[in-house]
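**Q** Make a model of this:
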Amino acid sequence: MRFSIGDVFEVPLDSSTTGYFQYVARDQTQLSSHVVRVFKGKYAKDDPPDVTAIVESEVDFYAHVFLSIGVKLNFWRRVAKGAVIGDVDVMFRNSNDYGKNKRATSSDWYVWTIGEPFVHVGALSGVYRSSEIGIVVAPDSLVHRMRNGSYDFVYPEPE
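**A** Below you'll find the predicted structure:
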């Protein structure tokens, strides 16, 4: 399955609403995964997507995923191609404490932007505190965040 930057995907959120995200970059730094921008809007399931309006709408968050797994498992489907609007210079973060005893907080962080090397920053402060979680998330976890506003896995918070 081949995907192109700009592809827009539809995600069923419940029996009557749909959400959308767009493939905006490939991040060689993070397992060569797909970077998507998820839009805030929720739409009626039966309405045909207005791709221009969707890609011009407010972005909720960015994430790393493997698109083909989500398609294969029927979590989303590609519906169109749209222009990639605006900047895709997103900062991501990951903690060296992730997965260690389900720690609630961490002061051992590194950050990066798409395609750039990781930079160890220790404690998250300033602009780094608003960076996106940068691990490659499972398709069901991405859908969970779209539905509920947070991921369904334990991930450390900045101290």
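**Q** where exactly do the strands run in this structure?
**A** Applying DSSP state E to the chain gives strands spanning 7-12, 17-27, 33-39, 43-44, 59-65, 77-81, 91-95, 105-106, 109-113, 119-122, 132-133, 157-158.
**Q** Can you give the distance from the third one to the centre of its chain?
**A** Meaning strand 33-39. Relative to its chain's centre, strand 33-39 lies at 4 Å (CA atoms, centre = their mean, to the nearest Å).
**Q** Name the strands paired with that strand and say parallel or antiparallel.
**A** According to DSSP bridges, strand 33-39 has the following sheet partners: strand 17-27 (antiparallel), strand 59-65 (antiparallel).
**Q** quick one: which of the strands of the chain is nearest residue 139?
**A** Proximity to residue 139 (CB to CB) singles out strand 59-65 among the strands of the chain, at 6.5 Å. Heads up, the C-betas are built off the backbone N, CA and C, glycines and all.
**Q** residues contacting the closest residue to residue 25 other than its chain neighbours?
**A** Excluding the flanking residues, the one nearest residue 25 by CB to CB, 6 or more residues apart in numbering is residue 35, at 4.2 Å. Contact analysis of residue 35 by CB atoms under 8 Å, 6 or more residues apart in numbering lists 23, 24, 25, 26, 27, 62, 63, 64, 88, 90, 114.
**Q** If we use 6 Å, what do you get?
**A** Residue 35 makes contact with 24, 25, 27, 64, 114, according to CB atoms under 6 Å, 6 or more residues apart in numbering.
**Q** which of those residues tops the neighbour count?
**A** residue 64 (24 neighbours; other CB atoms under 10 Å).
**Q** Quick one: low-confidence residue ranges for this protein.
**A** Low-confidence segments of the chain, defined by pLDDT under 70: 101-103.
**Q** Regarding it, what is its longest helix?
**A** helix 139-148 (DSSP state H).
**Q** about what we covered before: can you redo the contacts of residue 35 as JSON lines with distance to residue 13?
**A** Supplementary listing: the contacts of residue 35 in JSON lines, determined by distance: CB to CB, whole Å:
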{"residue": "24", "distance to residue 13": "21"}
{"residue": "25", "distance to residue 13": "24"}
{"residue": "27", "distance to residue 13": "26"}
{"residue": "64", "distance to residue 13": "21"}
{"residue": "114", "distance to residue 13": "27"}
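**Q** Run a quick neighbour tally on residue 104.
**A** Using other CB under 10 Å, residue 104 is surrounded by 11 other residues.
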